[in-house]
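Participant: just coords:
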């Protein structure tokens with residue numbers, strides 16, 4: 001995604017403001033359709049199979065990447081991105097699958113490893129993608145990723161094993177309502193507060209994406225191509241995320257989830273501000289590493305709180321519903337970041353988003369939420385609403 005401004009410029013002759021605008025729209029586009037589709041796919045996974053939701057998402061992503069490679073205008077690219085949000089959702093489907101399969105005492109560790117796996121993919125992507133795009137072009141890059149994704153889908157169909165649905169007949173069936181899941185998540189203090197800070201984290205993170213490319217270009221005083229520099233910066237970020245994500249997951253398992261989030265989001269905010277103040281690539285690289293070390297704790301902590309608060313049969317529904325709310329931050333952040341970068345400077349965007357990260361911690365600092373692992377308030381509220389519906 002940091003390469004999007006360069007890709008948009010390659011599709012059509014656009015001004016700087018137009019490049020930022022189309023880049024912001026392209027980043028926000030999948031989130032719009034994800035808001036609608038994610039709870040539905042989650043509910044379907046709870047009813048049918050979470051494994052097949054993972055495979056469905058991989059196949060949908062592969063098809064969309066193939067279509068992106070054929071795009072010749074920014075509008076076509078945005079339309080395909082809308083389809084990606086509708087039929088993709090690999091991370092959300094994987095979160096529901098992993099949290100349902102993992103033992104309760106190791107759930108944080110499993111979600112941490114999942115975050116680390118996502119980071120690994122995000123590491124290889126910019127590193128290889130930046131260099132490949134410089135040599136072969138973006139279309140060849142997208143086509144190659146589509147083929148790899150399809151191969152992974154086939155491999156998953158053969159190797160992924162799901163056990164929770166085998167035991168479904170042995171437990172009483174629970175009504176899985178999307179509207180009720182929204183109500184329960186927002187009416188319970190712990191899940192509501194964590195979702196709010198998660199939305200703000202997505203707002204700040206996606207707000208910086210379109211600003212990274214011009215910021216890197218402005219401080220790149222080396223002979224290295226800008227696209228390769230962006231690839232290296234993103235690779236540094238995700239390498240740090242790979243190393244730190246499992247550690248944050250283990251801390252969450254030890255009942256430190258509130259403290260983990262507060263510390264990580266403040267440190268993440270400071271790192272974003274430092275990036276805005278960078279004057280050379282070396283300083284920017286160091287700040288990106290710090291952000292990677294801390295950002296990896298945020299969204300996995302939100303999901304950790306949600307999956308620990310809901311019933312085993314409702315993991316997919318609640319993960320999908322939570323993601324539907326989290327992407328609001330992605331939409332608003334992408335568009336806001338693009339607008340701020342267009343009319344001010346990329347450095348200003350990073351500083352503003354860094355402040356958002358740090359200030360968001362107040363939602364947890366000022367709450368009465370404790371560092372407990374299991375909060376049964378959400379499930380009790382669900383059961384109460386289910387009885388009321390009857």
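Facilitator: All right, it came through fine. All figures in this text were calculated on a predicted structure; none of them were measured in a lab.
Participant: outside of stretch 335-355, which residues touch it?
Facilitator: Contact partners of stretch 335-355, identified using CB atoms under 8 Å, 6 or more residues apart in numbering, comprise 16-17, 20-21, 23-25, 27-28, 203-212, 214-215, 218, 268-278, 333. Every C-beta, even on glycine, is put in place using the N, C-alpha and C of the backbone.
Participant: at 6 Å what do you get?
Facilitator: 17, 20-21, 23-24, 28, 204, 207-208, 210-211, 214-215, 269, 272-273, 275-276 (CB atoms under 6 Å, 6 or more residues apart in numbering).
Participant: go on, stretch 194-211?
Facilitator: Contacts for stretch 194-211 (CB under 6 Å, 6+ apart): 1-2, 5, 20, 23-24, 27, 298, 302, 305, 325-326, 328-330, 332-334, 336-338, 341, 346, 349-350, 353, 356-357, 360, 363.
Participant: Sort out for me which of those are in helices.
Facilitator: Among the contacts of stretch 194-211, the members falling in helices (DSSP state H) are 5, 20, 23-24, 27, 298, 302, 305, 325-326, 328-330, 332-334, 336-338, 341, 346, 349-350, 353, 356-357, 360, 363.
Participant: From those, list just the buried residues.
Facilitator: 5, 20, 23-24, 27, 298, 302, 305, 325-326, 328-330, 332-334, 336-338, 341, 346, 349-350, 353, 356-357, 360, 363 (16 or more other CB atoms under 10 Å).
Participant: what about residue 11, neighbour count?
Facilitator: If you count neighbours by other CB atoms under 10 Å, residue 11 ends up with 17.
Participant: My error: substitute residue 253 in the last question.
Facilitator: Residue 253 has 21 nearby residues by other CB under 10 Å.
Participant: And the one 5 residues further on, by the same measure?
Facilitator: Using other CB under 10 Å, the number of residues around residue 258 comes to 21.
Participant: Looks like it contacts residue 366 (just checking).
Facilitator: No: counting by CB atoms under 6 Å, residue 258 does not reach residue 366; the two are 11.7 Å apart.
Participant: and residue 150, what is it in contact with?
Facilitator: residue 62.
Participant: and with 8 Å instead?
Facilitator: Contacts of residue 150 (CB under 8 Å, 6+ apart): 58, 59, 62.
Participant: which of those has the most neighbours?
Facilitator: Among these, residue 58 has the most neighbours (other CB under 10 Å), with 24 neighbours.
Participant: Quick check: closest non-adjacent residue to that residue.
Facilitator: Spatial nearest neighbour of residue 58, excluding adjacent residues (CB to CB, 6 or more residues apart in numbering): residue 153 at 3.9 Å.
Participant: same question, residue 243
Facilitator: Nearest non-adjacent residue to residue 243 (CB to CB, 6+ apart): residue 293, at 7.4 Å.
Participant: could you say which helix or strand contains that neighbour?
Facilitator: If you go by DSSP states H and E, residue 293 is part of helix 281-295.
Participant: For residue 161, what are phi and psi?
Facilitator: Taking degrees, to the nearest 10, you get phi -120, psi 130 for the backbone angles of residue 161.
Participant: What's the separation between it and residue 49?
Facilitator: Look at residue 161 and residue 49: by CB to CB, to the nearest Å, they are 11 Å apart.
Participant: So these two - more neighbours on which side?
Facilitator: A count of neighbours by other CB under 10 Å puts residue 49 above the other of residue 161 and residue 49, at 18 against 7.
Participant: is it true that the more buried one touches residue 162?
Facilitator: Yes: with contact defined as CB atoms under 8 Å, residue 49 counts as touching residue 162 (6.2 Å).
Participant: And the helices in the stretch 51-200 of the chain?
Facilitator: 74-87, 90-101, 107-135, 138-159, 178-187, 189-219 (DSSP state H, counting those that start in this stretch).
Participant: weakest of those helices by average pLDDT?
Facilitator: Lowest mean pLDDT within the helices of the stretch 51-200 of the chain: helix 107-135, a mean of 79.
Participant: That one to helix 281-295, inter-axis angle?
Facilitator: Helix 107-135 runs at 150 degrees relative to helix 281-295, counting by axes from the mean of the first three to the mean of the last three CA atoms, to 10 degrees.
Participant: Could I get the buried residue list for helix 107-135?
Facilitator: Within helix 107-135, the residues that count as buried by 16+ other CB under 10 Å are 107-119, 122-123, 125-127, 129-133.
Participant: Would you mark the buried spots in stretch 232-239?
Facilitator: 232, 233, 234, 235, 236, 237, 238, 239.
Participant: actually stretch 57-70, not the one I typed
Facilitator: Judged by neighbour count (16+ other CB under 10 Å), stretch 57-70 contains these buried residues: 57-69.
Participant: Make a markdown table out of the residues you listed and add pLDDT and distance to residue 33.
Facilitator: Listed next are these as a markdown table, based on pLDDT from 0 to 100; distance: CB to CB, whole Å:
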| residue | pLDDT | distance to residue 33 |
| --- | --- | --- |
| 57 | 92 | 13 |
| 58 | 93 | 17 |
| 59 | 94 | 16 |
| 60 | 93 | 11 |
| 61 | 93 | 13 |
| 62 | 94 | 17 |
| 63 | 94 | 14 |
| 64 | 93 | 11 |
| 65 | 92 | 16 |
| 66 | 93 | 18 |
| 67 | 94 | 14 |
| 68 | 90 | 15 |
| 69 | 89 | 20 |
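Participant: Thank you kindly, that will do.
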